[in-house]
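**Student:** sequence? don't have it. structure:
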């Protein structure tokens, strides 16, 4: 599914196996491919009608760089199709799922859920007690996520190619503050996956999405008449 991005344009996630076909169709729809720019962290294809498609290079940097006429995305395709062992850490309020995935398939995982009460409209002392209880439940859930990350992911950091995060950024920042997990967060990719509540099946989907290339398509802006 496409989503709108800041600054205009739409972003799509494309699996490695479909990337060459996606670029071919992009060129066909937009008067051909004029140029391809290969950089360390992104690949940009400019079409004949001015539309651009920019791919963020996950697990970079990209080895081959330069500017080429036409469609020249083979180095990117080879890069994204390279099998990798990825550590996944997905966290949202009251739940987490984490593990290792090789070439899009989960090979090790741990998932847990904790009850965290929702918000209340009540006031006074009752609301204060509720807030303290909710804060304690949230803290316990994050402590469990940190413990599992420490036990499952940390011992394998020397084996993995990168770490991919997903879920609530505030919860992830809380875990980032745990010094024990510094070796995990030192390896994270910039993109944070948007996910529903972490479950084992959500982890399996995240393992596939971690391999995908994110592309931002932008139409040419109309100049003054």
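**Tutor:** Perfect, I can see it now. Please read these numbers as outputs of a predicted model, since none were measured by experiment.
**Student:** what ranges does this structure have for its strands?
**Tutor:** Per DSSP state E, the chain carries strands over the ranges 3-4, 10-14, 33-38, 42-47, 52-56, 66-69, 85-92, 95-102, 105-113, 162-167, 188-193, 213-218.
**Student:** how far off strand 52-56 does the third one point, in degrees?
**Tutor:** Just to be clear, that refers to strand 33-38. 20 degrees (axes from the mean of the first three to the mean of the last three CA atoms, to 10 degrees).
**Student:** quick one: distance of strand 33-38 to the chain centre.
**Tutor:** Centre-to-centre, strand 33-38 and its host chain are 25 Å apart (CA atoms, centre = their mean, to the nearest Å).
**Student:** quick revisit: how about the strands of the chain in TSV, adding mean neighbour count and mean pLDDT?
**Tutor:** (Glycine included, C-beta is placed from N, CA and C.) Output for the strands of the chain, formatted as TSV (neighbours: other CB atoms under 10 Å; pLDDT from 0 to 100):
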stretch	mean neighbour count	mean pLDDT
strand 3-4	10	89
strand 10-14	16	95
strand 33-38	20	98
strand 42-47	21	98
strand 52-56	21	97
strand 66-69	12	98
strand 85-92	24	96
strand 95-102	24	96
strand 105-113	15	94
strand 162-167	23	97
strand 188-193	15	93
strand 213-218	20	96
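**Student:** distance to residue 205 added to those, as JSON lines?
**Tutor:** As requested, these are exported to JSON lines (distance: least, CB to CB, whole Å):
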{"stretch": "strand 3-4", "distance to residue 205": "16"}
{"stretch": "strand 10-14", "distance to residue 205": "11"}
{"stretch": "strand 33-38", "distance to residue 205": "29"}
{"stretch": "strand 42-47", "distance to residue 205": "25"}
{"stretch": "strand 52-56", "distance to residue 205": "19"}
{"stretch": "strand 66-69", "distance to residue 205": "34"}
{"stretch": "strand 85-92", "distance to residue 205": "10"}
{"stretch": "strand 95-102", "distance to residue 205": "10"}
{"stretch": "strand 105-113", "distance to residue 205": "10"}
{"stretch": "strand 162-167", "distance to residue 205": "10"}
{"stretch": "strand 188-193", "distance to residue 205": "9"}
{"stretch": "strand 213-218", "distance to residue 205": "15"}
